[in-house]
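Student: for reference, the sequence and a predicted model appear below.
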Amino acid sequence: MTNADWSALIDTTDEWIVTRTGIHERRFAADDETTLDLAANAAEKALADAGLTADDLDEIIVASDTPEVYTPDTAAYLQHRLGAREITAYDLGGSGCAGFVLALDIAKTRVQAVSKRILVVGVELISRLMNWTDRATCVLFGDAAGAVVIGSGAGVKAELLAVTAGTDGSAADILTLETGGTRRPFSLAEAKKGGQHDIVMNGREVYRQAVHRMSEAAEKVLAQAGRLKEEIALVIPHQANLRIIDAVRSKLGLREEQVYVNVDRYGNTGSATVPLALDEARREGRIDPGDLVVLTAFGAGFHWAAAALQF
């Protein structure tokens with residue numbers, strides 16, 4: 001869906017959207033697609049890329065704030081859809097756009113402790129929950145899914161050197177979707193008035209927190225991995241908007257070509273932005289053997305996380 005398409009629906013323009021976000025277009029799921037469909041598609045591609053089948057998995061983690069149903073976990077449905085064994089499968093929800101990188105932190109610990117191979121999926125179908133008339137937020141988002149397999153042994157394509165994460169709960173309300181929880185249960189009467197699906201966002205504070213936390217997390221994970229900023233081949237940040245990405249790049253002192261950007265084509269796809277960008281960067285030849293790649297993300301909570309990978 002292009003900015004011109006949005007301009008035909010609401011009071012906005014291509015210039016207004018691009019100036020503030022850097023987004024030109026985004027993708028939305030088909031009417032008959034669900035979060036599970038997107039997750040399964042990404043999972044199957046990740047397994048094929050790893051040369052594995054669902055039988056090889058020991059655990060499944062799905063990071064999403066737009067689950068298939070309220071309960072049970074999307075991961076339970078995904079386990080069945082993939083034909084996996086009766087392995088542990090669970091969701092990491094409520095962590096916003098940081099969910100995928102936070103899931104990598106969990107997966108790294110689990111692989112070291114008990115599980116040999118873990119499927120990690122980041123998926124969002126935001127178009128079903130957003131307010132299509134709120135021009136401040138609706139133009140920001142897209143639907144997508146991405147997946148990786150975390151494991152040990154032969155066939156590993158990148159080493160997960162280190163992961164770091166943090167939360168500042170005092171900033172929880174600067175970015176939230178309250179409807180559906182016990183604080184603000186869904187109400188048909190309220191829904192008829194509109195605004196039930198409004199994403200509440202303090203844009204200025206989110207920007208400040210995002211730039212600070214993603215930069216800080218990237219530096220911290222490098223220190224944990226015993227690596228230097230000068231060794232970075234590529235940084236893949238959460239694709240919230242171009243202004244945030246450029247500010248993070250500037251704060252880290254990186255060149256433009258050292259930071260991967262695809263927010264212009266997909267918009268903000270929540271937990272899916274980082275795995276989606278990682279996959280595209282690999283396919284475009286932006287990552288070579290031996291490269292040090294840093295993933296960094298932030299999300300509602302206020303959460304942040306970063307990971308260092310050696311290819």
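Tutor: On my side now, so go ahead. Residues are numbered from 1 along each chain as shown.
Student: let me see the ranges of the strands in this protein.
Tutor: Applying DSSP state E to the chain gives strands spanning 59-63, 88-92, 117-125, 143-151, 159-167, 175-176, 200-201, 232-237, 292-299, 303-310.
Student: redo those as TSV? Include mean neighbour count and mean pLDDT.
Tutor: C-betas here are computed from N, CA, C, even on glycine. Output for those, formatted as TSV (neighbours: other Cβ atoms under 10 Å; pLDDT from 0 to 100):
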stretch	mean neighbour count	mean pLDDT
strand 59-63	29	98
strand 88-92	20	98
strand 117-125	29	98
strand 143-151	25	98
strand 159-167	19	97
strand 175-176	20	87
strand 200-201	15	82
strand 232-237	23	99
strand 292-299	28	98
strand 303-310	26	98
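Student: mind checking which of these is nearest residue 185?
Tutor: Smallest distance to residue 185 across the strands of the chain (Cβ to Cβ): 15.0 Å, for strand 175-176.
Student: one step back: could you redo the strands of the chain as TSV and give each row distance to residue 221?
Tutor: Shown next, in TSV, are the strands of the chain (distance: least, Cβ to Cβ, whole Å):
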stretch	distance to residue 221
strand 59-63	18
strand 88-92	19
strand 117-125	17
strand 143-151	16
strand 159-167	5
strand 175-176	23
strand 200-201	26
strand 232-237	11
strand 292-299	7
strand 303-310	4
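Student: what about stretch 122-134, how long is it end to end?
Tutor: Across its full length, stretch 122-134 reaches 25 Å between end residues, using Cα to Cα, to the nearest Å.
Student: quick one: that stretch to chain centroid distance?
Tutor: Stretch 122-134 sits 14 Å away from the centroid of its parent chain (Cα atoms, centre = their mean, to the nearest Å).
Student: who's in contact with the residue nearest to residue 3 when sequence neighbours are not counted?
Tutor: Using Cβ to Cβ, 6 or more residues apart in numbering and skipping residues adjacent in sequence, the residue nearest residue 3 is residue 14, 4.0 Å away. Residue 14 makes contacts with 2-4, 7, 24, as judged by Cβ atoms under 8 Å, 6 or more residues apart in numbering.
Student: need the buried ones from the residues you listed selected in ChimeraX.
Tutor: The ChimeraX selection below is limited to those of the contacts of residue 14 classed as buried (16 or more other Cβ atoms under 10 Å):
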select :3,7,24
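Student: out of the contacts of residue 14, what pair is the most spread apart?
Tutor: By the measure Cβ to Cβ, 7 and 24 form the most distant pair in these, at 12.2 Å.
Student: quick one on the thing from earlier: and of the strands of the chain, who's closest to residue 42?
Tutor: Distance to residue 42, taken as Cβ to Cβ, is lowest for strand 143-151 among the strands of the chain, at 3.9 Å.
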